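Engineer: Structure of the sequence below:
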Amino acid sequence: MENIILFRKELATEEEFDICNKYFNVVEHRSDIKDGLVFGRYSVLPYYKELEYDLINHNSLLINSYQQHNWIANFEWYEILKEYTFPTWFNAMILPENEAPFIVKGRTNSKKHDWKTLMYAETKKRAIEIGYELSKDALIGNQGLVYRKYEKLITYEIGINGLPFTKEFRFFLYKGQILSYGYYWIIADNIDIELDEDGYIFAQKIGNIVKDYVNFYVIDIAQKENGDWILIELNDACMSGLSGNDAENLYKNLKTCLDKEKLLSL
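Structural biologist: All right, here's what the predicted structure looks like:
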């Protein structure tokens, strides 16, 4: 099978699209794919299951199956990784009062740019109120809500609506191999933030666990005020923005991994 990138160009920069073209056969329409192993970039939603079925009918496969996608999107990963991330609840009614404050979000998306009003909750009562508001949002309400314990992270700046720009990094991985990483908060004034070795080791540790469940994925990690690293969340790399990652490194290293994989299979 040929490695193919199914790219929805209008949701990415021209630069990323051009760099991707340097290393892969890039197509913009699923009907043009045949006999391929397909990596989606901004192109798998909203009809992930239907895309998988269409590709199978063209003797092709998505790098992440619909089942693998759901393992991430439905927060199924939490049970496997809960010792590395924030305590999380899926029903506001069972939130413990003594665990406040909370973060309220969808299973995939959040209203982080409305941090003060639609994400951060000082009390259980406020978390329930935010949950009610988010349940009426067309995108987030359909995902299902999660309530997470808020823990203080190393913070460099405070953005609009109180949004904290923390020491957070995004990693792209393929089957446990780190392809690239970058400082997450590219909208901050200061983005020249270094990742220390402990952070890299922590991300690799998480990556080695996740590889048994998903092939192509994103890990977001951050450093707490006490110095410990914590998993923020996982995402399907088919639909994740670069968020500080260098596109050249991402696609070059992905191609290198796939070329090695092909040689080992011969």
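
Engineer: Please spell out which residues along stretch 255-266 are buried.
Structural biologist: 255, 257-258 (16 or more other Cβ atoms under 10 Å). To be clear about C-beta, it is placed using only N, CA and C from the backbone, and glycine gets the same treatment.

Engineer: Could you list which residues are in contact with residue 148?
Structural biologist: Listed by Cβ atoms under 8 Å, 6 or more residues apart in numbering, the contact set of residue 148 reads 86-89, 102-105.

Engineer: Nearest the geometric middle of the protein, what residue?
Structural biologist: residue 235 (2.5 Å; Cα atoms, centre = their mean).

Engineer: How is that one classified with respect to secondary structure?
Structural biologist: strand (DSSP: H, G, I helix; E, B strand; the rest coil).

Engineer: which residue packs closest to it, ignoring adjacent ones?
Structural biologist: residue 218 (4.1 Å; Cβ to Cβ, 6 or more residues apart in numbering).

Engineer: Can you show me the CA trace of the particular helix or strand that has that neighbour in it as CSV?
Structural biologist: Per DSSP states H and E: residue 218 is located in strand 216-223. Output of strand 216-223 as CSV, limited to C-alpha atoms (Å, rounded to 0.1, in the frame of the first residue of the first chain):
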residue,chain,number,x,y,z
PHE,A,216,-1.2,8.1,15.0
TYR,A,217,-1.8,10.4,18.0
VAL,A,218,-1.1,13.6,19.8
ILE,A,219,-0.1,14.0,23.5
ASP,A,220,-0.3,17.3,25.3
ILE,A,221,1.7,17.5,28.6
ALA,A,222,2.3,20.3,31.0
GLN,A,223,4.5,21.0,34.1
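
Engineer: who's in contact with it?
Structural biologist: 39, 63-64, 72, 153-154, 166-175, 184, 199, 202-203, 206-207, 210, 229-238, 240, 243.

Engineer: re earlier: the residue nearest to residue 235 bridge partners, please.
Structural biologist: residue 172, residue 235 (DSSP bridges).

Engineer: okay if I get the buried residues of stretch 255-266 as TSV plus distance to residue 190 and secondary structure?
Structural biologist: Below are the buried residues of stretch 255-266 laid out as TSV (distance: Cβ to Cβ, whole Å; DSSP: H, G, I helix; E, B strand; the rest coil):
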residue	distance to residue 190	secondary structure
255	32	helix
257	32	helix
258	35	helix
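
Engineer: all strands of the stretch 101-250 of the chain, in order?
Structural biologist: Along the stretch 101-250 of the chain, counting by DSSP state E, counting those that start in this stretch, strands occupy 102-106, 120-121, 145-149, 155-158, 164-166, 168-174, 177-183, 216-223, 229-236.

Engineer: Among those, single out whichever gets nearest to residue 77.
Structural biologist: Closest to residue 77 of these, according to Cβ to Cβ: strand 229-236, at 5.3 Å.

Engineer: elements contacting the closest one?
Structural biologist: Contacts defined by 3 or more Cβ pairs under 8 Å, 6 or more residues apart in numbering; DSSP states H and E place strand 229-236 against helix 66-73, helix 197-210, strand 216-223.

Engineer: can you list those in JSON lines and add mean neighbour count?
Structural biologist: Below are these laid out as JSON lines (neighbours: other Cβ atoms under 10 Å):
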{"stretch": "helix 66-73", "mean neighbour count": "18"}
{"stretch": "helix 197-210", "mean neighbour count": "16"}
{"stretch": "strand 216-223", "mean neighbour count": "23"}
